[in-house]
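J.: next one to model:
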Amino acid sequence: MIENGAKSIDVHKRNIVLPRGELALSYQINSAINRAGAGEQPYQLEDLLDFAQRINPKRAFLFVSKVLGRHIPVAPSVMRTSFTDLANLVPDELAEPILVIGMAETAVGLSAGVHQALQTRYPNALLLNSTRHAQHDDGNNDNVLLTTFSEDHSHASQHLIYQSADKVTQAQLLATKTLIMVDDEASTGNTCVNVVSALRAAGLTQLQQVHLTTLVDWSLNQHQADTDDSVASRLANIDFYRHHLLSGAWQWTDAPNPEPIMMPSVDTTEAGSNALGDTGNWGRFPTLTSTDGFDSYLANFQQAVRVFNQQRQLDDAYLPPRILVLGSNEFVWLPFLLAEWLEKNSNIDNVINHPEIKFSALTRSPIALGGGISTRLSFTDNYGLGMTNFVYNVNPADWDLIVLCVETSSESVDSLWHGLDNVLIVSPS
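T.: Here you go, the predicted structure:
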């Protein structure tokens, strides 16, 4: 137990043994959170995380989120609760303009959810996500790169950040005073420092505050002898704050003589040969609203499901008992909204049953089987990059309907998915 003035903080310990080594955790529960739907109990470690082994020589372990909908299928309502709970930790009366920035690919849906929740208090906050998909030049100078940065420990280290073609939005972006950086977890804080440094060099010179906002923050007290926040000390002339559902520190010990590993080639920021369809702007470019493209995508889904089921209307239909909605890589926010729409509509009176709706996503992240990863499917990406993509903890036979959402054409999807009779592919018009 750590004494903090008149307040004591319980420090929990847990060791995770993985094939390539052992992960020793020290963590603290955030008792300030009133978690909706859980008897007002704060998040526990087992609520938020499982653990697995990366196929990555840079870092051998992975924190596998149970609330993010990325590597473990999650109910949309659970995801929405975590988005809102995290946003509620961000204080009132922040200096504006405000920029909410999310990290590709894992946190682009999380950032949009946090941004949407924050807009009840900060309606003019901008959303912007990093991306690893270069945007094709449309000839009108609309797709102009603002800056790049590196996430050193990642399987795909390079990130791109785009500016706005709208002069008013771009002026607001450059005038940002408060940056809310959203990620699933922080481990060392290096990515936060890299992002802030890149943005300041790109013209965001009026930054006053940075709020590192993560589901889990493992960058606290990495060096127990240090009393100062190592991230804050590297952000000159900026007030630095942290917000998280759970926090702590980790220490990794390599196993003796671990077997060598070969990581698939996934570190690219190329555009790919398959064109991206029009799905609106959900954060690849600065935006006030991340839902502009949803109505059109929902209409595409409704049309596709009518053909798939030979039904007149979706809400007249018998919804199957188990439905999985899959986003793809960075394209997860509109698919999440679709899963949430399905979850809400599964409770309408004329639906025969009330099905189980879960959400997850395809990813380029290579993870070994074991721990929090029970199954793995691999296939060629739909962007035309020629790289391997994966989906984890998904056995297609376990689902009555899998709704695979992509931002490219349906023809770009690997034959593995086309060969399954319970898969409905939804693509842009």
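J.: could you say which helix or strand holds residue 248?
T.: If you go by DSSP states H and E, residue 248 is part of strand 239-254.
J.: would you mind measuring from the nearest residue to residue 129 once chain neighbours are set aside to residue 389?
T.: For residue 129, ignoring the flanking residues on the chain, the nearest one in space by C-beta to C-beta, 6 or more residues apart in numbering is residue 283 at 3.9 Å. C-betas here are computed from N, CA, C, even on glycine. Distance of residue 283 to residue 389, given as C-beta to C-beta, to the nearest Å: 21 Å.
J.: in the helix or strand harbouring residue 180, what counts as buried?
T.: Using DSSP H and E, residue 180 maps to strand 178-186. Using 16 or more other C-beta atoms under 10 Å as the burial criterion, the residues of strand 178-186 that qualify are 178, 179, 180, 181, 182, 183, 184, 185, 186.
J.: now for the last one: which residues touch it?
T.: For residue 186, the set of contacting residues under the criterion of C-beta atoms under 8 Å, 6 or more residues apart in numbering consists of 192, 212, 214, 216, 217, 218, 219, 244.
J.: what of the second one?
T.: Contacts here follow C-beta under 8 Å, 6+ apart; on that basis residue 179 touches 98, 99, 101, 196, 199, 204, 207, 209, 210, 211.
J.: from those, which ones fall inside helices?
T.: Counting by DSSP state H, the members of these that fall within helices are 196, 199.
J.: residue 123: which of the contacts of residue 179 is nearest?
T.: Proximity of the contacts of residue 179 to residue 123 was ranked by C-beta to C-beta; the top entry is residue 98 with 10.2 Å.
J.: count of neighbours near the closest residue in space to that closest one that isn't next to it in sequence?
T.: Nearest residue to residue 98 in three dimensions, chain neighbours excluded: residue 125, at 4.1 Å (C-beta to C-beta, 6+ apart). Burial of residue 125, expressed as a neighbour count using other C-beta atoms under 10 Å, amounts to 23.
J.: how about residue 368?
T.: Going by other C-beta under 10 Å, the residues that sit close to residue 368 add up to 18.
J.: need the buried residues of strand 178-186 in TSV with distance to residue 118 and pLDDT, can you?
T.: Formatted as TSV, the entries for those read as follows, by distance: C-beta to C-beta, whole Å; pLDDT from 0 to 100:
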residue	distance to residue 118	pLDDT
178	11	98
179	13	98
180	7	98
181	13	97
182	10	97
183	15	95
184	17	94
185	20	92
186	19	90
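J.: which of the residues you listed lies closest to residue 324?
T.: Using C-beta to C-beta, those come closest to residue 324 at residue 184, 20.4 Å.
J.: now do the closest one against residue 125, distance only.
T.: Here residue 184 is placed at a distance of 20 Å from residue 125 (C-beta to C-beta).
J.: residue 359 now?
T.: As defined by C-beta to C-beta, residue 359 lies at a distance of 24 Å from residue 125.
J.: per-residue pLDDT of the residue nearest to residue 416 when sequence neighbours are not counted, please?
T.: Counting by C-beta to C-beta, 6+ apart, residue 416 lies nearest to residue 379, which is 4.6 Å off, once chain neighbours are set aside. Per-residue confidence for residue 379 comes out at a pLDDT of 96.
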